[in-house]
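Visitor: Need a 3D model of the following:
(one chain, ligands or ions: 2)
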Amino acid sequence: MGQQGKHLNSIHVSHEKHTATCATEIMAIPETVCISMSQHIGAPCKPLVAKGDAVKVGQVIGDTDAFVSAPIHSSVSGTVKDIITMRNVMGGKDQMVVIEADGKQEVWEEIKPPVINDMKDFIAAMRASGLVGLGGASFPTHIKLNPKNLDEVETLIVNAAECEPFITSDHRLMLENTQYIIDGVLAVMKYLDIKMAYIGVEENKPDAIEKLNAVIKENGHENDIKVHVLRARYPQGAERVMIYEITGKTMNAGELPAQYGIVLSNVTTFAFIGQYLKTGRPLTTKRITVDGNAIAEPKNIIVPIGTRLADVAAACGGYKAEPKKIIMGGPMMGRAVYSDEFPLVKNNNAILFFDGPQALIPEETGCIKCGMCTRACPFNLLPVSMVEAYENKDADKLNKLKVMQCMECGSCSYVCPAKRPLSFTHKMAKAFVKEAASK
Ligand code: SF4
Ligand code: SF4
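Guide: Ligands and ions are numbered 1, 2, ... in the order given. Predicted coordinates:
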C-alpha cells in the first residue's frame, strides 16, 4: 500500500503541540448547557422537549425524519429552561435547547448497549447513537457506513493524522482509549465485511504508534489492521491526502471514498463506536484541546456538548489575557468566532484562545511571483491565477483553474512571503462559482 517515495505537495507547519503530554481531564458539569439542533450536515433536528421538562443524560431531545440527520441527546440531567433561536458560528440561526443542570447527572433509563445481529441493526445503532463525523465534517456516520456500493468496499481507513498545530486531543485518545479504537474498527470491519484496515498516524507520535500496534497484537489482528506511518506534514489529515498517501488513489473534490472502494473516518469516530457498542451511551461529550496564549491552563478536557466556550475557558483556569481571537478547531482550517458565548458542538476538537500578539494578522504586501503557493498546494492548483480570476469575476476561468478542487487548507496562505490571504479568497471564489452556476 502507499506510493513508495511519492507524496502530494505539503508544508511544514510549526506544531505547537503544547498539550501532547497532558492526560485528559473531565470537566465539571456547567450550570447550563445550550444544545444546538443543527449539529450535522442536513436538515436540523426539531426539539422533542419543551420548556419546563425534566431531562436526563443521554435522553433524545431533538430528532427529524430527514434522511441526512442524526438525533441529538442531552449532555446533562436537569430542566429545560428555554428553547431559543440563536446565531450560530456560520452566521445562520439555529434552534437551541437550553438546559439548567441539576448536577446529579442521572442517566436516561433507556440507555443500554445496542443488540446487534446484522448490518441493518448496526446501521440503526449508529443513527441512534447520534454519531456524526467527528473529524470536522459532521456527516452522519450511519450514512457514511452504508454506501450504495458496499460490496465494492474493501479497505477501511482510520484517519488518525492530527496535522493542525496545537491540537492533541486525538493523540491523547490514541494513548488513553486505544482498545475502544480497535473495538470500533473491528465492529465496522465485521458488519461491513471489510477485510483490511489501515490506521494512518504521523511519525511524530511514536508513543501512539507503539500503543496502537501493541493493542492490535493483543487482539490478534496484526494481519488485518495495520498502522500506516505518515510523514508529519500538513495537510496530512485531509481526506483526499490521506487516501492518496495510504492507497495511492487520487480522489477529486465531490467524490466519495466509497467510489474508490474505501470507507474512511476519523479515529475519534471509531473510538466512539467501540465505546457505544459496549455502553450504549450516545454522543453527549467531546474530548477537546484548549490552548492559546490567552488561556491560563492549556489542556485536553472532556466537555459536555452544549457547554459555552466561556465555561470551557473557566474550566481551564480562565483567561490570563484578553482573548483577541477565538478559534473553534485549528488555526489552519478552524473557524474564528466573535464571542465566547457560543456552545460546543459535536464536531469541535479544539478551542484556541489567542491573545493580541498571537492573533495579529500580518500586513499584506504585493505578490513577488515566487511560486511558493503553487509548490505548497497538494493538488497543484494555481493560487495566484485563481485570485486574479476571482478579482476579474471570471467564473469560466475559475472553473478552468479547478477552483472547486481547493479544500481551503490554507497551505498557500501559510507559505506566502507577501502574507496574501489566498485561501480565504479561494473560499469566496468557490462561493462565486456556485452562485454563477445557479443563475
Ligand atoms: S487552500 Fe486551496 S489552493 Fe491553497 S494550498 Fe490549499 S488546496 Fe491548494
Ligand atoms: S506565494 Fe505569495 S508572493 Fe509568492 S507567488 Fe504566491 S501569492 Fe505571490
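
Visitor: Can you give me the neighbour number for residue 86?
Guide: Using other CB atoms under 10 Å, residue 86 is surrounded by 14 other residues. Quick note: C-beta positions are derived from backbone N, CA and C, even for glycine.

Visitor: does it sit in a helix, a strand or a coil?
Guide: strand (DSSP: H, G, I helix; E, B strand; the rest coil).

Visitor: Ignoring the adjacent residues along the chain, who's closest to it?
Guide: Nearest non-adjacent residue to residue 86, counting by CB to CB, 6 or more residues apart in numbering: residue 96, 5.1 Å away.

Visitor: Now the one you found, what are its backbone angles?
Guide: Dihedral angles of residue 96 (phi, psi; degrees, to the nearest 10) stand at phi -130, psi 140.

Visitor: ditto for residue 98
Guide: Main-chain dihedrals, residue 98, degrees, to the nearest 10: phi -100, psi 120.

Visitor: tell me the pLDDT at it?
Guide: Per-residue pLDDT puts residue 98 at 98.

Visitor: What ranges in the stretch 51-200 of the chain fall below the confidence cut-off?
Guide: Filtered on pLDDT under 70, the stretch 51-200 of the chain yields the residue ranges 135-136.

Visitor: Please, where are all the strands along it?
Guide: 54-55, 60-63, 72-73, 78-87, 93-101, 155-159, 196-202 (DSSP state E, counting those that start in this stretch).

Visitor: how distant is the longest one from the center of its chain?
Guide: How far strand 78-87 lies from its chain's middle: 25 Å, per CA atoms, centre = their mean, to the nearest Å.

Visitor: Number the chain from 597, please
Guide: Yes, from this point I'll number from 597; that puts the last item at strand 674-683.

Visitor: Can you tell me the strand partners of it and which way each runs?
Guide: Paired strands of strand 674-683, with direction, are strand 650-651 (antiparallel), strand 689-697 (antiparallel) (DSSP bridges).

Visitor: Now tell me what touches that strand from outside.
Guide: Strand 674-683 has contacts (CB atoms under 8 Å, 6 or more residues apart in numbering) with 628, 630, 643, 645-651, 657, 689-698.

Visitor: Buried members of these into PyMOL, please.
Guide: To isolate the buried members of the contacts of strand 674-683 in PyMOL, using 16 or more other CB atoms under 10 Å:
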select buried, resi 628+630+643+645+649+651+657+690+691+692+693+694+695+697
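
Visitor: Keep only those of the contacts of strand 674-683 that are also close to ligand 1.
Guide: Contacts with ligand 1 are made by none of those, judged by CB under 6 Å from any ligand atom.

Visitor: Could you report the neighbour count for residue 802?
Guide: 11.

Visitor: Could I get the average pLDDT for the longest helix along the chain?
Guide: Scanning the chain for the helix with the most residues, using DSSP state H, yields helix 1018-1034. Mean per-residue pLDDT for helix 1018-1034: 95.

Visitor: Whether that helix contacts ligand 1 - can you check?
Guide: Yes - counting by CB under 6 Å from any ligand atom, ligand 1 is contacted by helix 1018-1034 at 1018-1019, 1022.

Visitor: can you redo those as CSV with neighbour count?
Guide: Below are the residues of helix 1018-1034 next to ligand 1 laid out as CSV (neighbours: other CB atoms under 10 Å):
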residue, neighbour count
1018, 27
1019, 21
1022, 27
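
Visitor: Please pick out the residue of this structure most distant from its centre.
Guide: In terms of distance from the mean C-alpha position of the chain, residue 964 ranks first, at 35.1 Å (CA atoms, centre = their mean).

Visitor: pretty sure that one contacts residue 1013?
Guide: Yes - using CB atoms under 8 Å, residue 964 is in contact with residue 1013, at 6.6 Å.

Visitor: Give me the neighbour count for the closest residue to residue 991 other than its chain neighbours.
Guide: The spatially closest residue to residue 991, leaving aside those adjacent along the chain, is residue 1032, at 3.9 Å (CB to CB, 6+ apart). Counted with other CB under 10 Å, residues neighbouring residue 1032 total 14.
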